[in-house]
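Undergrad: no FASTA, just this:
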Ligand code: PEP
């Protein structure tokens, strides 16, 4: 099955409003006939970028969301707030949220469950740490992250999910997993989805790779059978790099 590729830029805690607008002025001109582009800016820049991108087929997505609908949760942002400004997709489970902000598999499960039951699309991130890769138990780690995070969702909910395999040892390090390592895991993930859901779901769900994707390795990674695009950190902050990565996916 042909799946349309996604290139999603995660800007993390970078970019003031002016810097965001300047980079976005370039992004709107990127040729993107056969690829879905998503940009995840900080919360403060969601609404202005949404207005700027709306006429240019670029989706603005959030980097995080709370698992409750409203209430005394100082500093948090809800699904309803995001939807009220037209943002319909959120990244959940990024390794930085897990390691720096204590988001456990159980918390992430609640976030995914709440978001997907309330009309939100989710990019669910997961992946093993270096030691787990070296110990050889990375299949178990990934399977557990998926079991808790998404495998108990309903069919309607899983249709709202895109998966992003991001080996922690490759994020922001310049070290990229090699093509065999990436394809091995992506195939394993698609099989897990197939065991739990109907074949149309496992064939259509998009599985992104994230971890030091650059213009020099994007073509090779995006050509892998079970890779449906990328979640891009550092390279999404540089216009020419991001443009080249989008071109690599636009096939
Ligand atoms: C990320 O943070 O999701 C990521 C993939 O970062 P980088 O591309 O910089 O490795």
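TA: Nice, I can see it. For clarity, every value in this text was computed on a predicted model and none was experimentally measured.

Undergrad: Spit out the contact partners of the closest residue to residue 27 other than its chain neighbours.
TA: Distances taken as CB to CB, 6 or more residues apart in numbering put residue 58 closest to residue 27, at 6.3 Å, once the chain neighbours are dropped. To be clear about C-beta, it is placed using only N, CA and C from the backbone, and glycine gets the same treatment. The neighbourhood of residue 58, defined by CB atoms under 8 Å, 6 or more residues apart in numbering, consists of 27, 28, 32, 37, 38, 39.

Undergrad: List phi and psi for the second one.
TA: Looking back up the chat, that one is residue 28. phi -70, psi -20 (degrees, to the nearest 10).

Undergrad: count of neighbours near it?
TA: As a burial measure, residue 28 scores 14 neighbours (other CB atoms under 10 Å).

Undergrad: rewinding a little: can you name the two of the contacts of residue 58 that sit furthest apart?
TA: 28 and 38 (13.8 Å; CB to CB).

Undergrad: can you tell me the residue of the stretch 1-150 of the chain closest to the ligand?
TA: Nearest to the ligand, among the residues of the stretch 1-150 of the chain, is residue 10, at 4.8 Å (CB to the nearest ligand atom).

Undergrad: now the helices for the stretch 51-200 of the chain?
TA: With DSSP state H, counting those that start in this stretch, the ranges of helices along the stretch 51-200 of the chain come out as 79-84, 95-100, 105-117, 130-135, 138-149, 155-158, 179-196, 199-204.

Undergrad: which of the ones you listed is buried the deepest?
TA: Here the criterion is mean neighbour count by mean count of other CB atoms under 10 Å, and of the helices of the stretch 51-200 of the chain the winner is helix 105-117, at a mean of 20.

Undergrad: tell me the mean pLDDT over that helix?
TA: Helix 105-117 comes out with an average pLDDT of 97.

Undergrad: Alright, that wraps it up for me.
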